[in-house]
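Visitor: can you look at this prediction? I've put the sequence above it.
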Amino acid sequence: MQTGTANDDINFVQVDLNVKLNGVFLHNETIPFKQNYESGDNIKFKYTNFVPSYAPSGAYGLTFTFKTKTGDNGCLGFSFKL
């Protein structure tokens, strides 16, 4: 689970996920995330996914882009190797 703090009041509607393997596009998806936060609130986002044993080895990079109705956004990214 990832957490952060809202700097302003914000109303999220979705999270766009972009996955790359060794820097090359692999997968993207839109995750519903309808959450409202006030300035100072802790923001929590949990994402789980099963990585199958046949997944190719390499460097995976995931970027989560948090969207609001007005298009404002924030980003969270991380990487791992298999």
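Guide: Cool, got the structure. These numbers were taken from a predicted model, which means no experiment stands behind them.
Visitor: can you show me the strands along this structure?
Guide: Listed in chain order, the strands found in the chain under DSSP state E are 2-5, 10-21, 24-37, 42-45, 59-68, 73-81.
Visitor: lowest-confidence stretch among the ones you listed?
Guide: Of all those, strand 2-5 carries the lowest average pLDDT, namely a mean of 71.
Visitor: any chance of the strands of the chain in TSV, with mean neighbour count too?
Guide: From N, CA and C alone the C-beta is placed, and that goes for glycine too. Formatted as TSV, these follow (neighbours: other C-beta atoms under 10 Å):
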stretch	mean neighbour count
strand 2-5	11
strand 10-21	16
strand 24-37	12
strand 42-45	13
strand 59-68	16
strand 73-81	12
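Visitor: let's have those strands in a markdown table, adding distance to Pro52.
Guide: Formatted as a markdown table, the entries for those read as follows, by distance: least, C-beta to C-beta, whole Å:
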| stretch | distance to Pro52 |
| --- | --- |
| strand 2-5 | 23 |
| strand 10-21 | 14 |
| strand 24-37 | 13 |
| strand 42-45 | 23 |
| strand 59-68 | 13 |
| strand 73-81 | 15 |
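Visitor: next up, the contacts around the closest residue to Gln35 other than its chain neighbours.
Guide: Nearest-residue entry for Gln35: Phe12, 4.9 Å, with adjacent residues in sequence omitted and distances by C-beta to C-beta, 6 or more residues apart in numbering. Phe12 sits next to 33-37, 66-68 when contact means C-beta atoms under 8 Å, 6 or more residues apart in numbering.
Visitor: most remote residue from this protein's center?
Guide: No residue in the chain sits farther from the centre than Tyr54, which is 23.5 Å out by C-alpha atoms, centre = their mean.
Visitor: give me the distance between it and Leu82.
Guide: Applying C-beta to C-beta, to the nearest Å, one obtains 11 Å for the distance of Tyr54 from Leu82.
Visitor: and what of Thr5?
Guide: As for Thr5, its distance to Leu82 is 32 Å (criterion: C-beta to C-beta).
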